[in-house]
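Novice: Test case, fold it:
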Amino acid sequence: MNAAARRTGRRLPRLLLVTGMSGAGKSSVLDALEDMGWDTVDNLPTALIQDFVHGADRSRREAHVAIGMDCRSRGFDPEHLPAVFRAVEGVAPEILYLDASGAELIRRYDETRRRHPLAPDRPAEDGIARERNLTTALRLAADSVLDTTDFIPADLRDELRRRYGGEADEPVVTITSFGFARGISRTADLVFDLRFIPNPHWVDELRPLTGREQPVQDYVAAQDGWTPFMNQVEELLTDLIPRYWQAGKTYVAVAFGCTGGRHRSVAAAVDMAERLRRRGFSPNIRHRDLSLSPSDSIEDESGLEPAASI
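Specialist: Okay, the predicted model is just below:
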């Protein structure tokens, strides 16, 4: 139950504004929400938001509503749209901002051969830069930022189902592993760096394995500092997650990073998810870089000495 619903003592229909960067997946998100029973509409003019939410179809009054809007929508004003949206009564309003890396957005425009709406006669990267600047205030006002750079369609639907597929009485907690060498996790609320632990990549027996496998988990658990660190993070998260919920935060993203994103961060994510489950939470796990091949050049960027052989 979100903050607005808690104040009224009853569950209100959710009203979700799906916005963000063109090409970041707005249509895919709306399609997935529609499949989950939401009322959805894309590129709705700002002036019609109230009419659409409180329409004449009383049989759908209790349905959740998702409205897609971006720079192509009539009356789109990123500075004032959050206030307009949150002024709608009788619903629990929420803003989801979709983002993706510039390189990925360019790739998607090249693949679809579409023109960027803000650069019809210019390269797509010009429109992307202009739109990112235009929507800065909207991104800052968003309740949640979802970066779709690394999502395949199935992963995106799974993430949306976790977030919007049912009513929750606790925040949606996602534990992510990633490799700093491939870019920091862009939408994490809390980031923890595991590069102080010796790197299993430099152990011949462990290099082809991942942090989901027991030998790697046993190796990192045996290193000085691992258990005290994980204990402290567990206590911190156990305290913070309910506080985030009480403050009205619906999603909490926790990220563990190492150099390549295959060993230490993965083991930490698996370990922490299990710890939180024992504490009564229901975290999801996502391993961003686990499918990538081991690379000595990537792992060398840590600047750490190779670990001793086991």
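Novice: For the stretch 1-150 of the chain, which segments count as helices?
Specialist: Per DSSP state H, counting those that start in this stretch, the stretch 1-150 of the chain has helices spanning 3-8, 26-35, 49-53, 81-86, 102-112, 124-134, 136-141. These are given in chain order.
Novice: Indicate which one of these is closest to Thr174.
Specialist: In terms of CB to CB, the element of the helices of the stretch 1-150 of the chain nearest to Thr174 is helix 26-35, at 16.4 Å. C-beta: built from backbone N, CA, C; applies to glycine.
Novice: among the helices of the stretch 1-150 of the chain, which is nearest Arg212?
Specialist: Per CB to CB, nearest to Arg212 of these: helix 102-112, 26.0 Å.
Novice: Report the angle between the closest one and helix 124-134.
Specialist: For helix 102-112 against helix 124-134, the angle by axes from the mean of the first three to the mean of the last three CA atoms, to 10 degrees is 130 degrees.
Novice: which parts of helix 102-112 are buried?
Specialist: Of the residues in helix 102-112, those with enough neighbours to count as buried (16 or more other CB atoms under 10 Å) are 104-106, 108-109.
Novice: Counting by contacts, list what that helix packs against.
Specialist: helix 124-134 (3 or more CB pairs under 8 Å, 6 or more residues apart in numbering; DSSP states H and E).
Novice: which phi and psi does Ala87 have?
Specialist: The phi/psi pair for Ala87 (degrees, to the nearest 10) reads phi -80, psi -10.
Novice: Then Val191?
Specialist: Main-chain dihedrals, Val191, degrees, to the nearest 10: phi -120, psi 130.
Novice: So what sits opposite it in the bridge?
Specialist: The partner list for Val191 in beta bridges (DSSP bridges) reads Ala255.
Novice: just checking, it touches Ser185?
Specialist: Yes. Counting by CB atoms under 8 Å, Ser185 is a contact partner of Val191 at 6.3 Å.
Novice: Out of the helices of the stretch 1-150 of the chain, the one nearest Asp150 is which?
Specialist: Of the helices of the stretch 1-150 of the chain, nearest to Asp150 by CB to CB is helix 102-112, at 8.4 Å.
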